[in-house]
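Give me a model of this one.
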Amino acid sequence: MVRDNRLSKIRNIGIMAHIDAGKTTLTERILYYTGKSHKMGEVHDGEAVMDWMPEEQERGITITSAVTTCHWLQQTINIIDTPGHVDFTIEVERSLRILDGAVAVFCAVGGVEPQSETVWHQADKYRVPRIAFINKMDRVGADFHGAVDQIREKLGAQPLVLHLPWGREESFQGTVDLIRMQAVTWREDTLGYELESRPIPEELREEADLYREKLLETLSDLDDGLLDRYLSGEAIEAEHLLPVVRRGTIDLKIVPVFCGAALRNKGVQPLLDGIVHFLPNPTDIPPVSGLNPVTKKMETRAARDDEPFAGLAFKISMDQGRKLTYLRIYSGVLKVGQEVLSPLKNTRERIARILRMHANKRDRIEEARAGDIVGIIGLKSAATGDTLTDPAQPIVLEAIDIYEPVISLAVEPRSSGQQERIMELLEKMAEEDPTFRFRLDDDSGQIVISGMGELHLEVLVHRLEREYHLAVNVGKPQVVYRETIQKPVEVEEVFDRELGGTRHQAQVALQLLPHTRGEGNLFLNMAPEESVPLSIIEAVAAAINESFTSGVLQGYPVVDVKVVLTAARTTESQFSEMAFRVAASLAFRNGCLQAQPVLLEPVMKMEIIVPDEFLGEVIGDLNSRKGKIEQITPRNKIQQVKATAPLSQLFGYSTALRSASQGRATFTMHFSHYSRASAPAAMTGKN
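Residues are numbered from 1 along each chain as shown. Just a heads-up that it's a prediction; the model follows:
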């Protein structure tokens with residue numbers, strides 16, 4: 001097969017990390033040094049190119065993933081800058097689904113922090129090769145080797161140090177390149193644009209020789225030819241090491257490690273070299289596979305222009321009232337005016353515009369090809385995770401995992417007569433963000449919105465007011481509970497009724513069993529095959545799956561229940577699928593009532609960084625919130641506390657933590673698991 005020279009010069013990468021590790025600052029430097037922008041935007045000034053939303057500029061955090069393109073060493077680099085806050089983790093998930101490689105940014109002071117672990121494991125799931133950049137080497141408390149050790153211990157990775165820091169904290173001035181064995185510094189009068197190579201200083205020579213030896217040992221394990229040269233004591237040049245590092249990175253055997261201080265304009269160019277040299281291009285990645293909806297067989301699409309067109313819509317946003325669909329093209333060519341098929345929805349649409357994106361700016365292009373990441377205008381029905389394909393040769397690619405919301409609150413427009421408009425706007429927001437849900441509560445008549453956390457919902461409410469000029473009243477946050485059962489039961493229900501002159505009769509027997517926590521729901525058919533037609537089994541299964549959406553206590557979704565159909569009977573003259581659906585629903589509901597139903601509440605995993613002198617107050621506050629301390633690790637003059645606590649007890653925790661620590665403690669939290677809710681939440685539903 002002839003290698004596509006254009007594709008070999010493309011890198012589709014993401015920048016990912018824990019919040020405040022410096023992802024966006026690093027991306028701004030990359031854009032400046034590659035000539036994409038002519039001014040460095042600063043996050044703290046609200047001028048970062050990639051943080052273009054007003055909410056991002058005010059808060060100094062990334063909320064939505066932004067796409068841009070730049071060039072380095074005659075290669076095209078498509079970059080997605082992803083959020084670090086756990087509330088917006090879907091942005092990382094859907095970006096990693098379509099990326100070929102990633103740069104993981106770690107703070108030299110904080111090391112591997114909770115969200116660092118989350119995004120790392122997301123990248124593991126999609127087998128995304130990555131390189132590491134240990135940032136903020138100029139900060140007080142910077143510990144390069146400690147961060148490298150944490151990458152190995154906490155993430156289970158094999159870090160390969162390619163650049164050692166030259167100095168640390170205030171004395172940080174450059175790096176030592178272990179591939180070329182030379183020191184690198186950056187000229188401050190050019191904002192780091194110009195760098196200088198020089199011999200390794202004598203005080204760093206011993207450490208550099210030690211780490212060069214470790215580098216050669218690691219790479220020799222990956223390449224027999226290199227091993228022979230290493231054992232024979234030959235001098236090994238950089239050009240012979242680079243291909244081995246590249247193969248090891250793409251095969252997920254090693255993680256090349258760079259370091260620097262992005263805010264001080266140090267360390268960025270070697271990282272750019274690493275992106276080009278070590279991260280894969282589209283032809284290095286195995287062809288994508290998917291199901292042909294016509295033949296029901298698995299097929300593949302290689303990254304080539306002469307393959308049938310196939311792409312994945314990984315993000316939707318509303319742009320001045322128009323729908324903008326972000327698309328990763330895996331194979332084929334897409335042109336303006338071309339008709340594409342969405343196999344999941346069985347709809348055909350025409351491409352109105354194709355856009356090359358740069359954050360919230362864009363350039364119109366006439367066509368896009370395999371390996372490109374572009375924006376599309378003109379798709380009405382596309383949603384996150386939808387495949388778009390050649391109508392003549394359809395394929396359905398693997399979808400994107402969506403997270404379930406854990407927190408809700410009620411909203412209502414302040415002005416009367418705005419109910420219909422707010423529902424329309426929420427519909428648009430739900431299209432953009434698959435982790436956001438909304439519903440109209442039948443009992444109260446209120447609109448209830450649900451999301452991943454307090455910040456998530458707060459940003460969405462502010463967007464309603466800022467972007468759409470719709471003022472709303474907001475209720476107190478409410479936890480999104482689940483329901484389950486505690487004991488196995490057997491139940492039988494009969495539906496026998498005359499409707500419209502026709503008698504409908506069905507008898508259904510079910511077993512309801514508690515399932516392992518976190519395993520989800522399961523429906524099994526154990527009825528004798530000869531006595532139950534397939535149409536009846538399908539009707540019962542549909543009724544049970546619908547019943548899972550609303551429990552018997554407070555109407556929350558039912559989870560971790562195994563339902564077994566043991567019998568289904570009727571008379572031939574009174575056969576009715578509708579009767580079986582009703583009988584199954586009644587049996588499920590009555591069975592849940594008999595099986596000791598309970599509420600489950602979301603439990604959050606927390607990590608708190610607190611100075612020594614405030615540790616007692618923080619632990620006392622956690623205990624009062626029914627938290628469980630799992631681990632306390634001393635780190636210099638601070639303590640790292642790992643704990644779990646019910647989400648219902650954590651509203652307003654950031655304010656309480658600031659008060660208890662004079663503003664010096666920080667924390668992160670993310671969803672851990674569902675556990676039995678404590679009173680008063682755990683009402684039994686009995687009168």
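
Let me see the ranges of the strands in the stretch 451-600 of the chain.
472-474, 478-479, 482-484, 489-499, 502-514, 522-525, 561-569, 598-611 (DSSP state E, counting those that start in this stretch).

which other helices and strands contact the second one?
Just to be clear, that refers to strand 478-479. strand 407-413 (3 or more Cβ pairs under 8 Å, 6 or more residues apart in numbering; DSSP states H and E). The C-beta positions use only the backbone N, C-alpha and C, and glycine is treated the same way.

Quick one: list the elements packing against the helix or strand that comes right after the strand it packs on.
Next along the chain after strand 407-413, taking DSSP states H and E as the criterion, comes helix 419-432. Here helix 419-432 is seen to pack against strand 310-319, strand 407-413, strand 437-440, strand 447-451, helix 454-467 when contacts are counted using 3+ Cβ pairs under 8 Å, 6+ apart.

Buried ones in the shortest one, by neighbour count?
Residues of strand 437-440 classed as buried under the neighbour-count rule (16 or more other Cβ atoms under 10 Å) are 437, 438.

So what touches that strand?
405, 423, 426, 430, 446, 447, 448, 449, 450, 451 (Cβ atoms under 8 Å, 6 or more residues apart in numbering).

wait, doesn't the second one sit right on residue 430?
By that I understand residue 423. No. Between residue 423 and residue 430 there is no contact under Cβ atoms under 8 Å: 10.4 Å.

So those two - more neighbours on which side?
Remark: of residue 423 and residue 430, residue 430 carries more neighbours, 17 against 13, as counted by other Cβ atoms under 10 Å.

For that one, which non-adjacent residue is spatially closest?
Among residues not flanking residue 430 along the chain, residue 436 sits closest, at 5.3 Å (Cβ to Cβ, 6 or more residues apart in numbering).

and residue 603, how many neighbours?
Neighbour tally, residue 603, other Cβ under 10 Å: 24.

so what's it up against?
Per Cβ under 8 Å, 6+ apart, neighbours of residue 603: 644, 645, 646, 647, 671, 672, 673, 674, 675.

can you count the residues close to the fourth one?
Spelled out, it's residue 647. 22.

Next, it: phi, psi?
phi -60, psi -30 (degrees, to the nearest 10).

My guess is it contacts residue 407. True?
Yes. Between residue 647 and residue 407 there is a contact under Cβ under 8 Å: 6.7 Å.

right, and out of the contacts of strand 437-440, which lies closest to residue 24?
residue 451 (22.3 Å; Cβ to Cβ).

Mind pulling up the pLDDT for the residue nearest to that closest one when sequence neighbours are not counted?
Among residues not flanking residue 451 along the chain, residue 457 sits closest, at 4.6 Å (Cβ to Cβ, 6+ apart). The model reports residue 457 with a pLDDT of 86.

Neighbours of residue 457, how many?
22.

Wasn't residue 618 part of a helix?
Yes. Applying DSSP: H, G, I helix; E, B strand; the rest coil, one finds residue 618 inside a helix.

what about the residue nearest to it when sequence neighbours are not counted, how many residues close to it?
What sits nearest to residue 618 in space, not counting adjacent residues and going by Cβ to Cβ, 6+ apart, is residue 610, at 5.0 Å. Residues near residue 610, counting by other Cβ under 10 Å, number 23.

Show me the beta-bridge partners of residue 610.
residue 639 (DSSP bridges).

thought it was touching residue 662?
No. Using Cβ under 8 Å, residue 610 makes no contact with residue 662, being 10.7 Å away.

Where does the prediction get shaky in the stretch 251-400 of the chain?
320-321, 359-360 (pLDDT under 70).

What are the boundaries of the strands in it?
255-259, 288-291, 298-301, 310-319, 322-331, 333-335, 339-342, 347-350, 353-358, 361-365, 367-369, 373-377, 387-389, 396-397.

Select, out of the ones you listed, the one closest to residue 28.
Judging these by Cβ to Cβ, what sits closest to residue 28 is strand 353-358, at 12.7 Å.

quick one on the thing from earlier: now the common contact residues for residue 647 and residue 407.
Between them, residue 647 and residue 407 share the contacting residues residue 479, judged by Cβ under 8 Å, 6+ apart.

sorry, back to before: any chance of a markdown table for the strands of the stretch 251-400 of the chain, columns mean neighbour count?
Below are the strands of the stretch 251-400 of the chain laid out as a markdown table (neighbours: other Cβ atoms under 10 Å):
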| stretch | mean neighbour count |
| --- | --- |
| strand 255-259 | 25 |
| strand 288-291 | 18 |
| strand 298-301 | 16 |
| strand 310-319 | 22 |
| strand 322-331 | 22 |
| strand 333-335 | 18 |
| strand 339-342 | 19 |
| strand 347-350 | 14 |
| strand 353-358 | 20 |
| strand 361-365 | 13 |
| strand 367-369 | 19 |
| strand 373-377 | 22 |
| strand 387-389 | 26 |
| strand 396-397 | 20 |
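
Please render the ones you listed as JSON lines that adds distance to residue 81 to the earlier fields.
As requested, the strands of the stretch 251-400 of the chain are arranged in JSON lines below (distance: least, Cβ to Cβ, whole Å):
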{"stretch": "strand 255-259", "distance to residue 81": "18"}
{"stretch": "strand 288-291", "distance to residue 81": "24"}
{"stretch": "strand 298-301", "distance to residue 81": "27"}
{"stretch": "strand 310-319", "distance to residue 81": "13"}
{"stretch": "strand 322-331", "distance to residue 81": "13"}
{"stretch": "strand 333-335", "distance to residue 81": "24"}
{"stretch": "strand 339-342", "distance to residue 81": "28"}
{"stretch": "strand 347-350", "distance to residue 81": "29"}
{"stretch": "strand 353-358", "distance to residue 81": "12"}
{"stretch": "strand 361-365", "distance to residue 81": "14"}
{"stretch": "strand 367-369", "distance to residue 81": "21"}
{"stretch": "strand 373-377", "distance to residue 81": "13"}
{"stretch": "strand 387-389", "distance to residue 81": "24"}
{"stretch": "strand 396-397", "distance to residue 81": "24"}
